[in-house]
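In: With the input below, show me the fold.
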Amino acid sequence: MKKVLVLCTGNSCRSQIAEGYLRHFAGNKAIIYSAGIETHGLNPRAIATMKVDGIDISAHTSNNIDEYRNINFDFVITVCDNAKENCPYFPTKAVKFHYNFPDPAKATGTEDEINAQFAAVRELIKHYAQNFVNENLG
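Out: I've put the predicted structure just below:
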């Protein structure tokens, strides 16, 4: 079974959303992990925006990259430039992918405007995850 790691700065939003969608689309084709170069805890808005699309990520945990040093990943996906540029050396033969998604945690404005920004990023990640699964785990 393929092993996929999604990596972000704090493992609180984008990587958690990506983990949720990758698990959803991959089913039993892969084991999906997510981590950060730091841990910021799971963002409640990330949980809420995924719930709107019927995916529950509330049981996810915010993990540090160091926790996964001994796993031989097939794919590593960085979802922000900071993670791509600042990830400590990670010895793996994994195929690496990168997409710099906007950070919804930095959204400002009214509650509706912030929720709209989370939803927009969720949709970007959803389409990316579906394409990734179709192209790499099919």
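In: hey, let's count contacts and neighbours off CA atoms from now on
Out: Will do.
In: Residue 97: which element?
Out: strand 95-98 (DSSP states H and E).
In: Give the partner strands of that strand in its sheet and their orientations.
Out: According to DSSP bridges, strand 95-98 forms sheet pairs with strand 75-78 (parallel).
In: which of the residues in whichever helix or strand comes after the strand it pairs with are buried?
Out: Next helix or strand after strand 75-78 toward the C-terminus (DSSP H and E): helix 81-86. If you call a residue buried by 16 or more other CA atoms under 10 Å, then helix 81-86 has these buried ones: 81, 83, 84.
In: tell me the average confidence for helix 81-86?
Out: Mean per-residue pLDDT for helix 81-86: 75.
In: can you give me the strands for the chain?
Out: Ranges of strands within the chain are 2-8, 30-36, 75-78, 95-98, based on DSSP state E.
In: Need those in JSON lines (columns: distance to residue 114 and mean pLDDT).
Out: Listed next are the strands of the chain as JSON lines, based on distance: least, CA to CA, whole Å; pLDDT from 0 to 100:
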{"stretch": "strand 2-8", "distance to residue 114": "20", "mean pLDDT": "95"}
{"stretch": "strand 30-36", "distance to residue 114": "23", "mean pLDDT": "96"}
{"stretch": "strand 75-78", "distance to residue 114": "23", "mean pLDDT": "94"}
{"stretch": "strand 95-98", "distance to residue 114": "25", "mean pLDDT": "92"}
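In: Could you point out which of the ones you listed sits nearest residue 108?
Out: For residue 108, the closest of these is strand 2-8, at 20.5 Å, according to CA to CA.
In: hmm, who's touching the closest one?
Out: The contact list for strand 2-8 (CA atoms under 8 Å, 6 or more residues apart in numbering) reads 14-15, 18-19, 29-37, 65, 72-80, 82-84, 137.
In: before we move on, the earlier item: centre of the chain versus the strand holding residue 97, how much separation?
Out: Relative to its chain's centre, strand 95-98 lies at 13 Å (CA atoms, centre = their mean, to the nearest Å).
In: ok, now stretch 118-134?
Out: How far stretch 118-134 lies from its chain's middle: 10 Å, per CA atoms, centre = their mean.
In: cool, stretch 40-49 as well?
Out: Worked out by CA atoms, centre = their mean, stretch 40-49 lies 12 Å from the chain centre.
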